[in-house]
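Student: Sequence and predicted structure, then a few things I'm wondering about:
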Amino acid sequence: MGEAAAPRRLLTPRVNPPPHDVAIIGSGPAGLTAAIYCARANLAPLLFEGEPSSTGDQPGGQLMITTDVENYPGFPDGVMGPDLMAAFRAQAARFGAEFRTEKVSRVDFSQRPFRLWAGGSDPPAATARAVIVSTGAQSLLLGLEAEERLMGRGLSTCATCDGFFFTGREIAVVGGGDSAMEEALFLTKFATKVTVIHRRDQLRASKIMQDRAFASDRIEFLWNHIVTDLVGAEALEGVKVQHTESGAEHTRPLAGLFVAIGHRPNTDLFAGSLDMAPNGYLITEAGSTRTNVPGVFACGDVQDDVYRQAVTAAGSGCMAAIDAERWLEAQGSGGHR
Ligand code: NAP
C-alpha cells in the first residue's frame, strides 16, 4: 500500500490590516475627549484604554480614584469621578470610537505607519498614521496600605479639587516642596488650621513660597516627622506620625490629609522616542499638542505639570484631535466632517 499523500498546505499570504487613522493611548479626560473629537471627524479612532489595576481600579485615569468632582463645568451638583469618566467613554463610543482594554507596552515612532504593541511580541497590536498620547501622570503617594482605602475619603492629592470639602476643619499637608506650600496656602482659604508635615527641618520649596507659608497664621509646621499610618475605616479621622530622629510616635486627629510629595508622568513608554523635559513630562510645541515627531501629539497631564485639572486635560484632548485631523488632512489622508 502506498503512503498517503501529505495534505497540501495552503499558503495564504499574510495581509497586514490597514493602519488606523488615529490611535489614542490613555483613557482619562484628555484621551476620551480626543476620541470624541476624532470619532466625530470620521477618523474612527482606536483607543487603548489600559487595563484594570491589580486592586480592581478600572481604566479611566485619575478621576477613577476620585469621589465627588465639584469643579467640572456643567455639573452644578457635582459628579462622581467614575460616573464622569463613564459618561465621557459612552460619548466616545456613541460616535464610533473603538476601545481596546489593553496597555500599550511598546511603540515605534521611527517608521510610518506608527506601530504599537500591547503585550510583548509581534505582530504589533495596531498601526496608525497618527498617534495621540494621553497617558497622564500619577501623584506620588506615601506607600501606606490605608491610602487606597481612604483616597477621596479625607485623603487627597489635589487641593484645588478637594479643598472646599474641608471648610472649617483641621487638615494637614505632607511635603516640603513648592507643591506642598502652594497646597497649604490654598487650603488656608477653607481650613481653620493646616499643619505641614515634613520629614526634614528645612523646606525644599523656593524662598518666596516658604516666606508666604511662614507668614500665614493658619499654617503650622511639624518638622522631622513622617506619616506612618492613616486612621479611619470609612473616612480619615487622623494620622499617625513619627519623629525621624527619636522615633517617638503620636496620633493627630485630622479631617483631611493632602499628599504633595510630587508627581510622575507616565512616559517610560516613550523614552528615546519623544522629547521630554528633565522632569519626564513630554514636550509639546507652545500653543499646540505637537511633539517632536510629526504625527504624534500629546495632551493632558502627560505634558502638563502646571494645571493638572480634568477640564484642562479635556481641553488639550480636543486640541490634540484637531491637530491630528489637520495633520492627516495635510498628509492627504484622514476623515472628513
Ligand atoms: P518636589 O520639589 O520634588 O518636593 C517634594 C517634597 O516632598 C520634598 O520636600 C520631599 O522631601 C517630600 N517627599 C518626597 N517623598 C516623600 C515621602 N515619601 N515622604 C515624605 N515626604 C516626601 O516636588 P513638588 O513640590 O511637587 O515640585 C515639583 C517641581 O514643580 C519643583 O521644581 C517645584 O519648584 C515646581 N513647582 C513650582 C510651583 C510654584 O512655583 N508655584 C508650584 C508647584 C511646583 P525632601 O525635601 O526631604 O526631599
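Tutor: Now that the structure is in, tell me what you want to look at.

Student: Confirm that Ala93 sits in a helix.
Tutor: Yes. Per DSSP: H, G, I helix; E, B strand; the rest coil, Ala93 lies within a helix segment.

Student: any idea how far the longest helix seen in the chain is from the chain center?
Tutor: Longest helix of the chain, by residue count under DSSP state H: helix 310-331. Averaging C-alpha positions (Cα atoms, centre = their mean, to the nearest Å) puts helix 310-331 18 Å from its chain's average.

Student: ok, Ala298 - contacts?
Tutor: The contact partners of Ala298, by Cβ atoms under 8 Å, 6 or more residues apart in numbering, come to 132-134, 274, 282, 284, 289, 291, 320. (Glycine included, C-beta is placed from N, CA and C.)

Student: can you pull the contacts of whatever residue of the stretch 51-200 of the chain ends up closest to the ligand?
Tutor: As assessed by Cβ to the nearest ligand atom, the ligand sits closest to Gly177 within the stretch 51-200 of the chain, at 2.4 Å. By Cβ under 8 Å, 6+ apart, the contact set of Gly177 is 203-205, 260-262.

Student: swap the cut-off to 6 Å and go again
Tutor: 204-205 (Cβ atoms under 6 Å, 6 or more residues apart in numbering).

Student: tally of neighbours for Glu145?
Tutor: As a burial measure, Glu145 scores 8 neighbours (other Cβ atoms under 10 Å).

Student: re the thing from before, format the contacts of Ala298 as a markdown table; extra columns: neighbour count and pLDDT.
Tutor: Formatted as a markdown table, the contacts of Ala298 follow (neighbours: other Cβ atoms under 10 Å; pLDDT from 0 to 100):
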| residue | neighbour count | pLDDT |
| --- | --- | --- |
| Ile132 | 29 | 98 |
| Val133 | 34 | 98 |
| Ser134 | 32 | 98 |
| Leu274 | 22 | 98 |
| Leu282 | 25 | 98 |
| Thr284 | 24 | 98 |
| Thr289 | 27 | 98 |
| Thr291 | 23 | 98 |
| Ala320 | 33 | 98 |
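
Student: List just the nearest of those residues to Ala184.
Tutor: Nearest to Ala184, judged by Cβ to Cβ, of the contacts of Ala298 is Leu282 at 28.8 Å.

Student: Show me the contacts of Ala298 that map onto helices.
Tutor: Per DSSP H, the subset of the contacts of Ala298 in helices is Ala320.
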